[in-house]
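> Generate coordinates for the sequence data below:
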Amino acid sequence: MGLVEFSDFLRSNSVEGNIQTVAGKVSTLLSKSFGCERIIFLRKKRGTLELNFYYGLKNFNRRDFELPFGTDLAVKLSRDFLPVKIASVEAHLPQKFFENLVKQGVDIYFPIYWRSNLYGVYFVMSNKATRSPEFALLIASMAHSLSAAYHIKWHESRLGEVEKRADTSKKISSAEIAKSKKAEFSTLDMLPLLKIKDAELLVPQIMEKVGERLSLDKFAYAYRRQGDSKEPKQLERGLKEKLGNPESEVIGQLCERLKGRGPQLIADYKDNDPSAVKYLSRLRQHGLEFIASFPLTEKDEGLLAWSGKSATREFQTELSSFQKIAGDLIENAEAYQQAEMMSYTDALTGLSNQRYMYKRLEEEVNRARRYNRPLAFIIFDIDELKGINDNYGHQAGDALLRQVGLALKKSIRAIDIVARYGGDEFCVVMPESDEETCVKFMQRILDTIASTKIELDRATPPIFCSVSMGGALFPQHAKETDKLVYAADMALLSAKEKGRNRFIVYSALEAAREA
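The predicted structure follows:
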């Protein structure tokens with residue numbers, strides 16, 4: 001299973017709550033794809049973590065891996081999804097339990113949890129593959145997906161208990177059953193939104209759910225995400241005319257004043273600020289009766305105005321419940337976006353990596369094809385990097401790669417995409433570029449790199465290096481992404497063969513073959 005396919009698999013099954021399916025794939029990936037020779041998975045059961053899955057263990061008793069735990073251990077285990085050395089948690093483990101882990105050769109762990117709910121923990125024997133950044137990022141993604149599956153099943157089981165009690169007990173009123181079912185279903189109703197991994201796209205979807213579940217005939221929701229310097233955005237439902245975006249100061253001030261006060265009747269709410277009075281008057285003119293501070297996360301601003309349902313205590317409880325679920329969903333999306341951003345970034349140079357480059361190149365080729373526009377793709381590598389590594393050490397080679405990456409960042413246009421292709425190779429995707437633009441760019445890069453003084457360390461004198469480059473154009477040289485990369489690579493190989501420190505466009509190879 002490819003990485004993208006596996007990622008899609010995790011997302012779909014975590015949203016559906018298929019614990020065994022996801023857990024099985026996680027364990028298989030650890031053993032077969034990453035070569036983990038020892039795997040221990042402990043699943044939470046009441047106040048104990050019990051052995052649920054193991055692989056490669058020898059001469060052991062299941063009770064060797066029963067782990068009673070309290071709040072301190074749960075907090076320690078749940079600090080991060082990323083793999084951590086077991087030595088960091090030794091002080092929180094029973095001595096005998098820790099010795100059993102060491103005896104089996106496992107030395108790293110990563111938890112499965114959702115917010116403050118710990119569902120289990122993996123202990124694994126590390127190797128070269130597990131020490132890579134890619135492993136850490138993938139584990140974070142898998143742990144998040146598996147914890148989501150556990151979380152969904154947990155809510156489903158609670159709902160099942162409510163229904164079971166309804167069937168077996170006459171003492172529970174129909175109103176209590178309906179209230180319990182409604183609370184559980186409101187959570188389950190929101191959890192499918194886990195598949196939305198863009199926090200900004202989540203907000204409208206969450207508010208649609210809120211409006212539906214709380215039976216709001218009309219509502220307006222003004223919000224601004226933390227760090228967003230733009231004016232607040234506003235979502236509207238059921239209004240005959242557009243309300244229009246409010247001023248940022250008004251939303252911030254009203255949110256602060258309404259914080260902790262619960263829903264307020266707009267007609268009775270008094271405010272001395274003229275801008276706030278004007279905005280509240282507009283809300284009433286559009287038929288909205290109530291207002292409340294409703295930030296979806298603690299970091300954001302959010303103001304909800306509505307009509308169609310009175311601001312009762314029960315309503316306030318339901319609103320608070322949705323607020324907590326929304327916070328979980330948005331934090332999940334933000335964590336995914338952060339992990340995805342890291343998975344697209346080369347750790348050494350800070351440039352985009354090969355995976356991101358192929359994604360963007362495919363997008364730009366499709367755009368160029370759709371609008372009949374030119375596109376250039378350039379690939380190049382550093383000449384004689386091996387000699388630099390041999391003479392000065394690999395740290396010097398890494399320093400060289402970083403400084404070349406920095407020089408590239410300063411040389412490209414805003415619309416260009418520069419990435420580290422792998423090893424000592426870099427590439428640039430250049431939208432809206434014909435052969436003349438491509439040649440001028442390659443000449444400029446050639447000159448820039450050749451004149452860049454590379455500072456390795458204080459004990460080593462500065463060095464200079466050169467690069468060899470190959471370029472290819474869409475659609476002249478290739479009409480498909482993989483063929484465009486191949487054409488540029490062939491041009492690069494030709495530049496290397498002709499003596500390095502030069503560039504060649506693929507059309508020159510075609511001309512040579514025709515001659």
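
> State whether residue 428 is indeed within a strand.
Yes - remark: residue 428 belongs to a strand, assigned using DSSP: H, G, I helix; E, B strand; the rest coil.

> Without its sequence neighbours, what residue ends up closest to it?
Among residues not flanking residue 428 along the chain, residue 378 sits closest, at 4.6 Å (C-beta to C-beta, 6 or more residues apart in numbering). (Each C-beta comes from the backbone N, C-alpha and C, glycine too.)

> Assign a three-state SS to that neighbour, would you?
Using three-state DSSP, the structure places residue 378 in strand.

> For it, the count of nearby residues, please.
Using other C-beta atoms under 10 Å, residue 378 has 25 other residues around it.

> check contacts around residue 367.
Each residue near residue 367 by C-beta atoms under 8 Å, 6 or more residues apart in numbering is listed here: 373, 431.

> tell me the domain ranges of the chain?
3-149, 196-339, 354-514 (automatic domain parsing).

> How far away from the center of its chain is the second one?
Which is domain 196-339. Put simply, domain 196-339 sits 25 Å off its chain's centre (C-alpha atoms, centre = their mean, to the nearest Å).

> Report the mean per-residue pLDDT for that domain.
The pLDDT scores in domain 196-339 average 83.

> count of neighbours near residue 76?
Neighbour tally, residue 76, other C-beta under 10 Å: 16.

> Revised request: answer the last question for residue 100.
Close neighbours of residue 100, defined as other C-beta under 10 Å, add up to 20.

> excluding its backbone neighbours, what's nearest it?
Nearest residue to residue 100 in three dimensions, chain neighbours excluded: residue 64, at 4.5 Å (C-beta to C-beta, 6+ apart).

> so where do the helices sit in the stretch 301-450 of the chain?
Counting by DSSP state H, counting those that start in this stretch, one finds helices in the stretch 301-450 of the chain at the ranges 313-343, 354-371, 385-392, 394-411, 435-451.

> With respect to residue 112, which of the ones you listed lies nearest?
Of all those, helix 313-343 sits nearest to residue 112, with 14.1 Å by C-beta to C-beta.

> For that closest one, buried residues please.
Judged by neighbour count (16 or more other C-beta atoms under 10 Å), helix 313-343 contains these buried residues: 315, 318-319, 321-323, 325-336, 339-340, 343.

> Would you mind getting the angle between it and helix 354-371?
For helix 313-343 against helix 354-371, the angle by axes from the mean of the first three to the mean of the last three C-alpha atoms, to 10 degrees is 100 degrees.

> Which elements pack onto helix 313-343?
helix 133-168, helix 174-190, helix 199-213 (3 or more C-beta pairs under 8 Å, 6 or more residues apart in numbering; DSSP states H and E).

> Out of these, point me to the one whose mean pLDDT is lowest.
helix 174-190 (a mean of 50).

> circling back: please produce JSON lines containing the helices of the stretch 301-450 of the chain, extended by distance to residue 274.
Compiled in JSON lines, those are given as follows (distance: least, C-beta to C-beta, whole Å):
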{"stretch": "helix 313-343", "distance to residue 274": "29"}
{"stretch": "helix 354-371", "distance to residue 274": "48"}
{"stretch": "helix 385-392", "distance to residue 274": "66"}
{"stretch": "helix 394-411", "distance to residue 274": "48"}
{"stretch": "helix 435-451", "distance to residue 274": "55"}
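
> Which one, of those helices, ends up nearest to residue 474?
Smallest distance to residue 474 across these (C-beta to C-beta): 5.5 Å, for helix 354-371.

> got the buried residues for that closest one?
Residues of helix 354-371 classed as buried by neighbour count (16+ other C-beta under 10 Å): 355, 356, 357, 358, 360, 361, 364, 365, 368.

> burial measure for the nearest residue to the fourth one once chain neighbours are set aside, as a count.
Looking back up the chat, that one is residue 358. Spatial nearest neighbour of residue 358, excluding adjacent residues (C-beta to C-beta, 6+ apart): residue 481 at 7.2 Å. Neighbour count of residue 481, defined by other C-beta under 10 Å: 17.

> give the contact list for the nearest residue to residue 249 once chain neighbours are set aside.
Among residues not flanking residue 249 along the chain, residue 275 sits closest, at 6.7 Å (C-beta to C-beta, 6+ apart). By C-beta under 8 Å, 6+ apart, the contact list for residue 275 reads 247, 249, 250.

> again with residue 415
430, 431, 432.

> In a strand, residue 60, correct?
No - membership of residue 60 in a strand is not supported by three-state DSSP, which gives coil.

> could I get the contacts of residue 415 as a markdown table with pLDDT and distance to residue 389?
Below are those laid out as a markdown table (pLDDT from 0 to 100; distance: C-beta to C-beta, whole Å):
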| residue | pLDDT | distance to residue 389 |
| --- | --- | --- |
| 430 | 94 | 30 |
| 431 | 94 | 34 |
| 432 | 93 | 37 |
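
> which of those residues has the most neighbours?
When the contacts of residue 415 are compared by neighbour count (other C-beta under 10 Å), residue 430 ends up highest, at 24 neighbours.

> is it true that it touches residue 378?
Yes - if you go by C-beta atoms under 8 Å, residue 430 and residue 378 touch, sitting 6.9 Å apart.

> Touching both of the two, which residues are there?
Counting by C-beta under 8 Å, 6+ apart, the shared contacts of residue 430 and residue 378 are 438, 441.

> so what's the residue nearest to residue 199 when sequence neighbours are not counted up against?
In space, and not counting its chain neighbours, residue 199 is closest to residue 333: 4.2 Å by C-beta to C-beta, 6+ apart. Going by C-beta under 8 Å, 6+ apart, residue 333 touches 196, 197, 198, 199, 202.

> Write a PyMOL command that selects only the buried members of these.
A single PyMOL command selects the buried members of the contacts of residue 333 (16+ other C-beta under 10 Å):
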select buried, resi 196+197+199+202
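
> okay, the contacts of residue 333 in a markdown table with distance to residue 417 next?
Below are the contacts of residue 333 laid out as a markdown table (distance: C-beta to C-beta, whole Å):
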| residue | distance to residue 417 |
| --- | --- |
| 196 | 25 |
| 197 | 21 |
| 198 | 20 |
| 199 | 24 |
| 202 | 27 |
